[in-house]
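K.L.:
I'd like to go over a predicted model; first the sequence, then the structure.
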Amino acid sequence: MAVSHSSSSSMETKTQRAIALLRAGDIKEALKIFKTFRLGWSKEEKRTIDIACECLCGKDTFYSSIGIDCRKVVDQAVSVVTSKYL
């Protein structure tokens, strides 16, 4: 079934979608969207979001092996996103 995107009033922006996912508790999917944002993040915030997303997408063993606490990084990423968007 094809989805029509002809009506701009019903289109959801990436930001709106990411916020809705975050509010619904779907941190992984929300961070996957926020990770694509190029503007509005400091280098450290962008790095935190990138690593948190990768930790949630199956690379947690790697990050743990190099001494990164994935749970802490995910919490920090949620805090960064929440402070800017909620």
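P.N.:
Thanks, I have the structure now. Numbering: from 1, shown residues only.
K.L.:
where exactly do the helices run in this structure?
P.N.:
Secondary structure of the chain, counting by DSSP state H: helices at 14-23, 27-34, 43-54, 60-65, 70-85.
K.L.:
Let's have those in a markdown table, adding mean pLDDT and mean neighbour count.
P.N.:
Every C-beta, even on glycine, is put in place using the N, C-alpha and C of the backbone. Listed next are the helices of the chain as a markdown table, based on pLDDT from 0 to 100; neighbours: other CB atoms under 10 Å:
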| stretch | mean pLDDT | mean neighbour count |
| --- | --- | --- |
| helix 14-23 | 96 | 16 |
| helix 27-34 | 97 | 20 |
| helix 43-54 | 97 | 18 |
| helix 60-65 | 97 | 12 |
| helix 70-85 | 97 | 16 |
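K.L.:
Report the separation between the closest residue to residue 55 other than its chain neighbours and residue 62.
P.N.:
Distances taken as CB to CB, 6 or more residues apart in numbering place residue 70 nearest to residue 55, at 3.7 Å, with adjacent residues excluded. In this view, residue 70 and residue 62 are 10 Å apart by CB to CB, to the nearest Å.
K.L.:
do the same with residue 77
P.N.:
The gap separating residue 77 from residue 62 is 17 Å, by CB to CB.
K.L.:
residue nearest the centroid of this structure?
P.N.:
residue 31 (1.2 Å; CA atoms, centre = their mean).
K.L.:
in terms of contact, does it touch residue 56 like I think?
P.N.:
Yes - with contact defined as CB atoms under 8 Å, residue 31 reaches residue 56; the gap is 6.5 Å.
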